[in-house]
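Visitor: pasting the structure only:
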């Protein structure tokens, strides 16, 4: 059995003007509960005890309607690290605190159908894995995400 972290997220959306809106998120994840898990790699058990702490999330974004069909989105977010010590992280998730920058566009075909595209850049805190079998150092981790989505309201 694996204990997964529970989470709480509060989100808000407020229209500033007919074509501008502001969005926000505030969240918490119970990563300290994850300390009770054990991971086996090559028949060796690696204890997770004491690695994790609760983490927090804060995000703010803007949305602008260019036309009735086109909407632009953009935002920034910060996630604190789930690890107590970045020099001793887990091989399963070698990450740290993260700064996220994202942007996207939505095209509305009509009131029921939309097509969207987005890009997100994530810059993470450096991390090290120090297991007896496997180890490694991630000095400048970054992730890039591209997304396409289609939405239909029923």
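Guide: The structure has been received and is ready for your questions. Because the structure is predicted, anything quoted here is derived from the model rather than measured.
Visitor: Next, the contact list for residue 106, please.
Guide: Applying Cβ atoms under 8 Å, 6 or more residues apart in numbering, we find residue 106 in contact with 70, 71, 73, 114, 115, 116. Heads up, the C-betas are built off the backbone N, CA and C, glycines and all.
Visitor: Specify the beta-bridge partners of it.
Guide: Beta-bridge partners recorded for residue 106 (DSSP bridges): residue 71, residue 116.
Visitor: any idea how far residue 61 is from it?
Guide: Per Cβ to Cβ, to the nearest Å, residue 106 is found 13 Å from residue 61.
Visitor: what's the overlap in contacts for these two?
Guide: By Cβ under 8 Å, 6+ apart, residue 106 and residue 61 have these common neighbours: residue 73.
Visitor: Spatially central, which residue of this protein would that be?
Guide: Centroid-nearest residue in the chain: residue 79, 7.1 Å away (criterion: Cα atoms, centre = their mean).
Visitor: Am I right that residue 140 sits in a strand?
Guide: No: Residue 140: not assigned to a strand; according to DSSP: H, G, I helix; E, B strand; the rest coil it is coil.
Visitor: Hmm, residue 127 and it touching each other?
Guide: No: between residue 140 and residue 127 there is no contact under Cβ atoms under 8 Å: 10.6 Å.
Visitor: which one of these two has more residues nearby?
Guide: Neighbours per residue, other Cβ atoms under 10 Å: of residue 140 and residue 127, the larger number sits with residue 127, 23 against 8.
Visitor: right, and the more buried one touches residue 86 too?
Guide: Yes: counting by Cβ under 8 Å, residue 127 does reach residue 86; the two are 5.3 Å apart.
Visitor: residue contacts, residue 116?
Guide: Neighbouring residues of residue 116 by Cβ under 8 Å, 6+ apart: 104, 105, 106, 107, 147, 148, 149, 150, 151.
Visitor: out of the residues you listed, which are buried?
Guide: Taking 16 or more other Cβ atoms under 10 Å as the criterion, what is buried in these is 104, 106.
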